[in-house]
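In: here are the coordinates; sequence isn't available:
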C-alpha cells in the first residue's frame, strides 16, 4: 500500500472493531488497547506486506490476534483475570427493556465465550463478532480452513451446552 | 433464532459494550510519527533482542535447533578426534616402549621416540630377562638396605651451565648439585640375515664370536633346526661405543645376505640426570629424618619418623633400580640378529577345477554379500542423516512460525 493517507484512514476505520475484538479475546480494555496499538504499529511498519484487496482485512486481524495471543502468553494476563472480571468491566446499560435484554444476553454470551479455551474462543470472536468468514479466519489464525471449521463446530457444541445460552435459544425459539 | 444468531447478537452487544478509547488511534499516530522518520520505507525489520520474547513454539524451535547442533557437532568432531587419538595413542605407545619398558619405571616426555622405538624396547626386555647380567656404572650408588645411609662414592659435580635442569631442581630443594654425567644413549638394532642352506648354525656361531670380539656377550639365543626352513635369532649385548663395529661385522659375514637393518639411538641423558638428582634429594631428606630420629624422645615420635624414613628409603631404592636399568641399557647396546635360511621358490600350479559357470556363480554370491554389507553399512548414516533432516525441518517449521508470529 503506497498511499499512506489511505492506510491511515483504513486503520482509523478498523480501530473500533479491532479494539472490541481484542477486548473480547483479552477481556480487558487496557490490555486490548495495548495489543491493538502494538498490532497497528506493526501493520504500519510492515505495510509493504499488506496483501491487496480483500486479503488485507484478515491480514489485519491476524496481526491483532497475534498481538493478543502474545500478550496472553508472555504477560500471562489470562491467568490474572477471572471470568467475572470481564463482566465487571462491562459498562452499565440504560433502563429500557430491550437494552436490558441485550445487556443480559451480552453478559451470558461473553461469560460463555470466556469459558472457552483460547484456541476456540478466538475463532468464535472472529466469526460472530468480527464477521470474518471461515477462510479469512484461517488466514487470521494461520490455520487451515478445515481446522477453523472443526474448531467452530467444537465451540458451538460447547456453547450449546451452556445452560444460560441454551435458555436464551429456547426463549427466542418460543417467541 | 438459533445459536449462531444468539452468538452474533450477544457478542455484538458485548463488543459494543466496550467503549472505544477516544484517543486510541491518535496515540498510535503519535507513536508512528517518530517511527515514520526513523523507519526506512523499504520495510526493513528492526527489532531488538530485548523486545523479543520467545513463545512456546519459539522455545520448541530453539530446543530442536540445539538438538541438531548437539548431534551434528559430535559427528563433525568425532571423526577427526578419533583419528587424532589413534595417532596419539600410537605415538604414546612408542615412547612408553622405548623408555619405560626396559626399566618399568617412569616414562618422561621428550625422551625416546622414533620409528624403531618398539624394536629397542623388545631388545631391552630380552636382555634384562634372559641373562641377568646387568653392568653397574661406578656413578650409580650401590643399593642400600632399609634404614642404612648410603654415601655417594666421590661424585664429581657440575660446574658449568650444562648441568641440566635437574641441577636447578636440586638446588631449589636445598641438596647437593647433581654429579656430572656423560651423554647417555640407548642404542638398539635389528638385523635380518639370509643364509644359504645349512649355514644357519655357522652364522649364529660367527655372531657369538663377534660379540666376544667386541667385548660383549650373547644375552639370548634361539635356533629352529627342524623343518625345511631352519632359522635362528641371537641377541648381542656389546658396549655402546662398539655398537657400530658390531653391526658392521655382523652384516659382513661371508655367505649372508642382509634383508633388513634397523638401528636406533635414544638420548636418555636428561632422564638419567633427573633420576640422580631425585636420588640425591631423597638421600638428603633421609639424612634429615635420621637426625630427627636420633633426637626423638618418645615412642610416638620415633615410630612416626621411622615411618617417614622407610617411605623415603623405598622411593630411593625404586629410583636407584630405574637408574641401574638405565645405566645398563646405555652402557651396553642391543643388537638382535635374525638368521633365516634361503627358501627355495616352489611354484605350485593349482588346478582350476571350477568351470566358468561355477566361477560366475561364486562371483555373483560374493558380490551379493558385498552388496548386502554395503547396504547394511550405509543404513546407519542414512538414518542419521534422515534424523538430522527431520530435526532441521521441525526447527525450521517452529522457527518460521515463531518468526512470522513476531514479525506481523
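Out: Perfect, thanks for sending it. Just so it is clear, the model here is predicted, and its values are computed rather than measured.
In: Quick one: neighbours of the closest residue to residue B:58 other than its chain neighbours, just the number.
Out: Setting aside the residues directly before and after it, residue B:58 is nearest to residue B:402 in space (CB to CB, 6 or more residues apart in numbering or on different chains), at 3.5 Å. (Each C-beta comes from the backbone N, C-alpha and C, glycine too.) Residues near residue B:402, counting by other CB atoms under 10 Å in any protein chain shown, number 20.
In: One more: residue B:297?
Out: Neighbour number of residue B:297 under other CB under 10 Å is 7.
In: same thing with residue B:314?
Out: With other CB under 10 Å as criterion, residue B:314 counts 12.
In: now do the one 5 residues further on
Out: By the measure other CB under 10 Å, the count of residues near residue B:319 is 22.
In: ok, back up a step: show me what the strand or helix carrying the residue nearest to residue B:58 is packed against.
Out: Per DSSP states H and E, residue B:402 falls inside helix B:356-407. For helix B:356-407, the packing partners by 3 or more CB pairs under 8 Å, 6 or more residues apart in numbering or on different chains; DSSP states H and E come out as helix A:56-75, helix B:56-95.
In: The shortest one - contacts with which helices or strands?
Out: Packed against helix A:56-75 by the contact rule (3+ CB pairs under 8 Å, 6+ apart) you find helix A:4-26, helix A:29-45, helix A:118-125, helix A:134-141, helix B:356-407.
In: Next up, the contacts around the residue sitting nearest the centre point of chain A.
Out: In chain A, the C-alpha nearest the mean C-alpha coordinate belongs to residue A:21, at 3.2 Å (CA atoms, centre = their mean). Going by CB atoms under 8 Å, 6 or more residues apart in numbering or on different chains, residue A:21 touches A:61, A:64-65, A:125-126, A:129-130, B:15.
In: from the residues you listed, which single one is nearest residue B:276?
Out: For the contacts of residue A:21, the minimum distance to residue B:276 (CB to CB) is 84.5 Å, reached by residue A:65.
In: Do you know the pLDDT at that closest one?
Out: Looking at residue A:65, its pLDDT reads 87.
In: Tell me if I'm right that it and residue A:139 touch.
Out: No - counting by CB atoms under 8 Å, residue A:65 sits too far from residue A:139 to count as a contact (10.3 Å).
In: which of those two has more neighbours?
Out: Comparing residue A:65 with residue A:139 by other CB under 10 Å, the one with more neighbours is residue A:65, at 27 against 20.
In: Next up, the contacts around the more buried one.
Out: Residue A:65 neighbours (CB under 8 Å, 6+ apart): A:21, A:25, A:122, A:126, A:140-141.
In: just how off-centre is stretch A:37-51 within its chain?
Out: For stretch A:37-51, the separation from the chain centroid amounts to 19 Å (computed by CA atoms, centre = their mean, to the nearest Å).
In: now the helices: where do they sit in chain B?
Out: Chain-ordered helices for chain B, with DSSP state H as the definition, fall at B:3-17, B:24-38, B:56-95, B:101-103, B:117-130, B:164-172, B:200-213, B:243-251, B:269-295, B:299-331, B:356-407.
In: Output those helices in a markdown table, with distance to residue B:338 appended to each entry.
Out: Below are the helices of chain B laid out as a markdown table (distance: least, CB to CB, whole Å):
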| stretch | distance to residue B:338 |
| --- | --- |
| helix B:3-17 | 100 |
| helix B:24-38 | 87 |
| helix B:56-95 | 21 |
| helix B:101-103 | 20 |
| helix B:117-130 | 11 |
| helix B:164-172 | 38 |
| helix B:200-213 | 10 |
| helix B:243-251 | 11 |
| helix B:269-295 | 30 |
| helix B:299-331 | 21 |
| helix B:356-407 | 38 |
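In: what's next to stretch B:379-397, contact-wise?
Out: Contacts to stretch B:379-397, defined as CB under 8 Å, 6+ apart, come from residues B:60-61, B:64-65, B:67-68, B:71-72, B:75.
In: What separation do you get for the nearest residue to residue A:132 once chain neighbours are set aside and chain B?
Out: Nearest residue to residue A:132, sequence neighbours excluded (CB to CB, 6+ apart): residue A:126, at 4.7 Å. Here residue A:126 is placed at a distance of 10 Å from chain B (CB to the nearest CB, to the nearest Å).
In: Quick check, the residue in chain A closest to chain B?
Out: At 2.6 Å from chain B, residue A:109 is the closest residue in chain A, using CB to the nearest CB.
In: Which pLDDT value goes with whichever residue of the stretch 1-150 of chain B sits closest to chain A?
Out: Chain A sits closest to residue B:10 of the stretch 1-150 of chain B, with a gap of 2.6 Å, by CB to the nearest CB. Reported pLDDT at residue B:10 in the predicted model: 84.
In: How many residues are close by it?
Out: Neighbour tally, residue B:10, other CB under 10 Å: 27.
In: before we move on, what about the one 5 residues further on?
Out: Residues near residue B:15, counting by other CB under 10 Å, number 23.
In: What residues of whichever strand or helix holds residue A:112 count as buried?
Out: For residue A:112, the host element (DSSP H and E) is helix A:97-114. With burial defined by 16 or more other CB atoms under 10 Å in any protein chain shown, the residues of helix A:97-114 counted as buried are A:102-103, A:105-114.
In: where does chain A dip in pLDDT?
Out: Where chain A drops to pLDDT under 70, the residues are A:1-2, A:74-99, A:175.
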